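Student: Here is a sequence together with a model predicted from it:
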Amino acid sequence: MCKVPLRLQVHTDVLSPWYRRASWKERIRYFVGLFLIPRADCLRVVSERIRRSLVQICNIPRERISVLPIFTDCAPYLRIPLKPVLENGERTRVSFVAIGRFFDKEKNYSMLIDVMRDLVRVLPNARLTLIGDGPDRERYERMISDFGLNDCVILERWRTDLPAYLSNFDCLVLPSWYEGWGRVILEAMAAGLAIVMTDVGLAGEVVKDGENGKIIPVGNRKELFDSLVALSRDSVFRRRLQENARKTAARIGM
């Protein structure tokens with residue numbers, strides 16, 4: 001009405017079908033997005049995935065949408081040395097880590113904890129650490145206890161020494177239903193971790209399947225299990241992903 005240009009920034013994949021299933025608040029935001037986004041004079045998004053979504057669903061000309069990823073300072077992570085390769089190329093324990101808000105309708109950590117039930121049967125020394133906090137912490141604690149995973153799945157609160165702490169792990173796992181970008185992925189890549197993630201956020205744009213990470217379909221439990229087993233058993237493949245991941249982060253995050 002006032003002829004003031006409407007400029008919008010979109011920081012998550014609000015038009016993803018998984019997003020609107022998360023809660024009634026996300027469903028409201030989804031419909032608000034459907035109303036506002038096509039009316040914007042200028043749009044800035046954080047990933048090519050979101051731009052494609054807006055073009056396809058809202059029929060917005062591609063040139064009206066600018067992609068500006070969230071800046072990630074990878075320098076503190078790149079300064080941490082990579083884990084040395086053991087003489088026989090194997091580790092007695094492969095350690096996985098997941099970092100993010102404990103909100104299952106976005107992060108889907110319940111699937112990851114459930115996968116650990118099967119993983120420790122074939123890889124008894126596998127370990128998973130979940131770093132974060134949020135409304136589903138008690139749910140995860142119950143799952144870990146009910147599944148008898150107290151010795152192999154650990155919940156950690158947010159840490160201030162993340163660059164050094166990440167160097168203790170072999171692989172970062174992100175099983176999310178949806179993401180906007182995924183800064184923690186770049187941080188883990190810079191720390192030299194292999195990446196296993198669902199096809200969300202920067203998957204395909206930064207993480208290339210089989211090159212510097214492993215991308216699986218959203219919500220696919222079997223693919224997640226198979227990927228974690230493959231990374232655990234194939235040290236050559238794991239090391240290649242780790243080295244390529246660090247090179248990618250050094251190129252992007254400096």
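Tutor: That came in fine, so what should we check first? Numbers count the residues shown, from 1 in each chain.
Student: Convert stretch 4-24 to CSV, retaining C-alpha atoms only.
Tutor: This file holds the C-alpha atoms of stretch 4-24, laid out as CSV (Å, rounded to 0.1, in the frame of the first residue of the first chain):
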residue,chain,number,x,y,z
VAL,A,4,7.8,0.3,0.0
PRO,A,5,9.9,-2.6,-1.5
LEU,A,6,9.5,-5.9,0.3
ARG,A,7,12.8,-7.6,0.9
LEU,A,8,12.8,-11.1,2.4
GLN,A,9,15.5,-13.4,3.7
VAL,A,10,14.8,-17.1,3.9
HIS,A,11,17.1,-19.1,6.2
THR,A,12,15.5,-22.5,6.1
ASP,A,13,13.7,-24.7,3.6
VAL,A,14,10.2,-23.4,4.6
LEU,A,15,8.5,-24.9,1.6
SER,A,16,9.8,-28.4,2.3
PRO,A,17,7.0,-30.9,3.0
TRP,A,18,9.0,-32.0,6.0
TYR,A,19,9.1,-28.5,7.4
ARG,A,20,5.3,-28.0,7.6
ARG,A,21,4.9,-31.4,9.3
ALA,A,22,7.1,-30.4,12.2
SER,A,23,4.5,-28.6,14.3
TRP,A,24,1.5,-26.2,14.0
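Student: May I see the buried residues of that stretch?
Tutor: 8, 10, 12-16, 18-20, 22 (16 or more other Cβ atoms under 10 Å). Bear in mind the C-beta positions are built from the backbone N, C-alpha and C, glycine included.
Student: could those be laid out in TSV, adding distance to A230 and pLDDT?
Tutor: What follows is these, written out as TSV (distance: Cβ to Cβ, whole Å; pLDDT from 0 to 100):
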residue	distance to A230	pLDDT
L8	41	95
V10	34	94
T12	30	92
D13	27	92
V14	33	92
L15	32	92
S16	27	91
W18	25	92
Y19	29	93
R20	33	91
A22	30	88
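Student: can you put those residues in TSV and add distance to D209?
Tutor: Rendered in TSV, the data for those read as follows (distance: Cβ to Cβ, whole Å):
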residue	distance to D209
L8	31
V10	25
T12	22
D13	19
V14	25
L15	23
S16	19
W18	20
Y19	23
R20	26
A22	25
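Student: So which of these sit within strands?
Tutor: In strands, judged by DSSP state E, the following of these are found: 8, 10.
Student: Looking at the buried residues of stretch 4-24, which are in helices?
Tutor: If you go by DSSP state H, the buried residues of stretch 4-24 have 18-20 in helices.
Student: With respect to L43, which of the buried residues of stretch 4-24 is nearest?
Tutor: The shortest separation between L43 and any of the buried residues of stretch 4-24 is 5.4 Å, and it belongs to L8 (by Cβ to Cβ).
Student: Excluding chain neighbours, give the residue nearest to the closest one in space.
Tutor: Ranked by Cβ to Cβ, 6 or more residues apart in numbering and with sequence neighbours excluded, the top spatial neighbour of L8 is A40, at 4.4 Å.
Student: Am I right that the one you found is in contact with V4?
Tutor: No: using Cβ atoms under 8 Å, A40 and V4 do not qualify as a contacting pair, with a distance of 11.9 Å.
Student: Strands of the chain, start to end?
Tutor: Assigned by DSSP E, the strands in the chain fall at 7-10, 42-45, 65-67, 95-99, 127-131, 153-156, 171-174, 194-198, 214-216.
Student: buried ones in stretch 32-50?
Tutor: Buried residues in stretch 32-50, counted by 16+ other Cβ under 10 Å: 33, 37, 40, 43-47, 49-50.
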